Structures are given as C-alpha cells and as structure tokens.
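Enquirer: Let's see this in three dimensions:
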Amino acid sequence: MIELSFPRADTEFDVGSGDFSQLVIRDSGNGTGFYYFYDESEGRLITDFVLEDRKQVATLCQVKLINRDGSFSPRIRLWKKDKTKPGKQIAEEESTSTGAHMVKASVDTDDCRVNFWKVIDFLQSLREIALPENPFRVVEADQVDLAQHLAGEDKATVISAVRTALGGSITEEDIAVLVNRKGAVRTFLQLMTDRDFFDAYKARNDVKQGDEGVWQHFFDANQWIFGYGLSLISSQSFDDHRLEQITTGANLFGGAGKRIDAILRSRGFVSSLMFTEIKKPSTALLADRPYRKPDVFQPSTELTGAISQLQKTTDKAIRGIATQFYKAYGPDGEFLGFEVSTIRPKQALIIGKLEEFESNGDVNQEKSTSFELYRRSIPDIEILTFDELYERARFIVGDD
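Expert: Purely as a prediction, here's the structure:
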C-alpha cells in the first residue's frame, strides 16, 4: 500500500515543533488592514496554527489580528482541513475576543486541546495584543441582555432586580456570603492540588505551624464547611470563634493540656458535641504494601494513629466533664447560653484523598474496598477524605 503524503501549506505553523519566539506581528500586505504573524526564521507569513496533523485531516487555529489604536485584537477561527481534497474545509467555528460567536459547525478539539492552549498562552504573553481582562464564559442570550441592562446600576437596584426575579427576599449580605463561599471552594481545590498556591497561602497568612496549620487556618476562616458537611444535623463551632480548642488541662471544659483541631456542637435546645481531627490531603490512607497478597491492604500507621489520637483526646475531655449535661462557659467565665450533652459525642477525622486508590486511570478496587471496610468498622468515628469534604462544600454552594 502506498501511503499518501500531503504537504503543509506555507502559511501554517506547527504548534508541536515550531519556535514561537521567532514569530512577530506583520501587516498582511494585501491592503485588507488585517495583521498576522510572521516567522522570521523562515521568512513566511503565518495565518494558521496546526493543532493536530493526521494523515487525512488536520485541525487548525487561524489567528487574524485587527489593529486598534496601536494594540491588536485577535480573531480566532477553528477549522478542520480535508488534506485529501485541497481547499476543502470540513467544519469551522469562528469566534472573536469580544465574546460574540458565529458557529457554522462544531469542531472537536479534545485531542489537541494542549496545543490549542499553547496558542492562547502565546497570545496572552504578547504586550501588543489586547485581550479581555475578565474571564470569558458562554451564557444564554437572555443572560447577556440582563447583564447589559443592569450594567452601571447601583447595588440596591441590582439586588432589587434579583429579588424580583427570584420572587423572594435577598440581601446584599446573602450575595456576599454566596460569592465568598464559592471563592472558598476554589481556594479549597487549589490548596489540595497546587503546591505553589499552598505555600503562598501559608506565607500570606503567616501560618507558623506545618501543613496541618494551613488547613487549620483555612477551616477556621470557613467553618460553614464543617457546619453542613460532617453531619445531617446543622453544626457550628463551640464558641463561635476558633475551631481548635484545648479540651484538657487549662481547657474549654475544666479538667494535661490536650488540643483538638475542631470541636463542634449541634444547633438546638441541647447541643451534642463533635470532636474533629484534621490531617493533610497527602496523608496515606493505606500501607504501601498489601498485608496479604494480592487483595488485603491494611490501614496506614498515620490513619490508625490519628484515630487513636482522636479517641484519646475525646475520652479525656469527656471524663474531665464528669457530667452528662454541661453548661457552656466562655474563656472569661460568661455563660454562652446553651447546654451540651456529653453522651457518646461524635468524632470525625479529615485525612487523605480517595485519589490514592487511582491506578492507570481507574480505581484499584482492592485498595478501595479495604479502606471502605475499615472505616465502616469504626461506628463512632466518621472518617472523611479531603476530596469528599471538598465535594460536599461544592454541593452546599451549588458549584456544579
């Protein structure tokens, strides 16, 4: 079989192998007023970036520039070229930097998304090119009309319009709470996945403790994650301030200096207690090697140790109270206005991530099963992973 070869057009730039540093902006030279990129190393005008090049079909991204008062506004066109029939386009999608869209047909860029974002990153790196400062997202036409109608209005007018649309009462504080919580969810994800962001957060907030101290700081600032996420009963911090408390010694209850990462109480006429220990997302849930090959995995020493720590701290605190019902007092001796039941308080441990059980893009069922069987065998302690807590927080704010 003879394999056909189709030469690339002289105006096409291979994103995978090309040198972006050789590209400069040049007038197209045909009197249209459009500008394109010029490859100085090869002396040719570049109109299209090749995102993916297969035997018969290529996916291209055309970038055309419009000069506006010394800066350039890009026009991006994604299209597929049938290489067996020169000049024939299979499908195309046109877009502009202003957000307006004219879609002629869908262009699937899933297999070449990395190269596509290389082109976008290149455009963003150029000072001569003016890109929108705000994040771009596609919305329905009626949403665009609403946004344009409310643009420039004061807060009271916007809130009034939203209240009318929703048919209920909503305040500026309600909107602020939702916005702040959505922001906290994004911060939660970045703290779990981006080490540079994690270190910057630690430095910015002057956290003196180790990595666990960063999580303590974050959850102190976002106690609502615990209030809704650890039980079906609405909960809050014990004294409306810090989650972390000293529970024995010179302590919250009265009673050799044990701390708990978070102590919560349910809301109600009589509050129930919940003691919580917070570890790290990187903490291992299972031992590195199977206890019995090939399918028996034991919990890690970090997991069993955290459980023992939580149980011991809880036990010492409850024994120090020596009563089934306790009137809560603040650090200055003032009555906090509620009573606490100390009968078998709940306990929770936040540790590790379920992603630990990922293997070659799939779930290692033996590891996952071993972990589930273990944590369900401890009825008094709810063991939650950081990614499970994150997903609960997303659900609370409706961040789908």
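Enquirer: contacts and neighbour counts: CA atoms only from here.
Expert: Fine.
Enquirer: Could you list every helix and strand in contact with the one helix or strand Ala184 maps to?
Expert: Assessed by DSSP states H and E, Ala184 sits inside helix 172-193. If you count contacts as 3 or more C-alpha pairs under 8 Å, 6 or more residues apart in numbering; DSSP states H and E, helix 172-193 packs onto helix 195-204, helix 386-397.
Enquirer: That one to helix 386-397, inter-axis angle?
Expert: If you take axes from the mean of the first three to the mean of the last three C-alpha atoms, to 10 degrees, helix 172-193 sits at 160 degrees to helix 386-397.
Enquirer: Can I take it that Lys346 is in a helix?
Expert: No: Lys346 is assigned strand when assessed by DSSP: H, G, I helix; E, B strand; the rest coil, not a helix.
Enquirer: Name the nearest residue to it, sequence neighbours excluded.
Expert: Met274 (4.5 Å; C-alpha to C-alpha, 6 or more residues apart in numbering).
Enquirer: ok, how many other residues are close to that neighbour?
Expert: Neighbourhood size, Met274 [other C-alpha atoms under 10 Å]: 24.
Enquirer: Okay, and the beta partners of it?
Expert: Leu264, Lys346 (DSSP bridges).
Enquirer: can you check the one 4 residues further on too?
Expert: Applying DSSP bridges to Ile278 yields these beta-bridge partners: Ile350.
Enquirer: Distance check, it against Ala221.
Expert: As defined by C-alpha to C-alpha, to the nearest Å, Ile278 lies at a distance of 14 Å from Ala221.
Enquirer: Ser308 is in contact with Glu277, correct?
Expert: No: counting by C-alpha atoms under 8 Å, Glu277 sits too far from Ser308 to count as a contact (10.7 Å).
Enquirer: Give me the more crowded residue out of these two.
Expert: Legend: neighbour count by other C-alpha under 10 Å for Glu277 and Ser308, higher for Glu277 (23 against 12).
Enquirer: Please report how far the more buried one lies from Ser71.
Expert: 54 Å.
Enquirer: just Cys112 next, same as before
Expert: As for Cys112, its distance to Ser71 is 29 Å (criterion: C-alpha to C-alpha).
Enquirer: From Phe395, how far out is Lys182?
Expert: 10 Å.
Enquirer: For those two, indicate the residue with more neighbours.
Expert: Shown here are Lys182 and Phe395; by other C-alpha under 10 Å, Lys182 has more neighbours (18 against 13).
Enquirer: Could you pull up the contacting residues of the nearest residue to the more buried one once chain neighbours are set aside?
Expert: Once flanking residues are discounted, Lys182 sits nearest to Val397: 6.4 Å by C-alpha to C-alpha, 6+ apart. By C-alpha atoms under 8 Å, 6 or more residues apart in numbering, the contact set of Val397 is 178, 181-182.
Enquirer: again with Ser28
Expert: Neighbouring residues of Ser28 by C-alpha under 8 Å, 6+ apart: 34-36, 45.
Enquirer: So which of the residues you listed is the closest to Pro379?
Expert: Tyr36 (66.0 Å; C-alpha to C-alpha).
Enquirer: The closest one: which element?
Expert: Here Tyr36 is covered by strand 34-39, with elements defined by DSSP H and E.
Enquirer: Now that strand: average pLDDT?
Expert: For strand 34-39, mean pLDDT rounds to 90.
Enquirer: Thanks again, I'm all set now.
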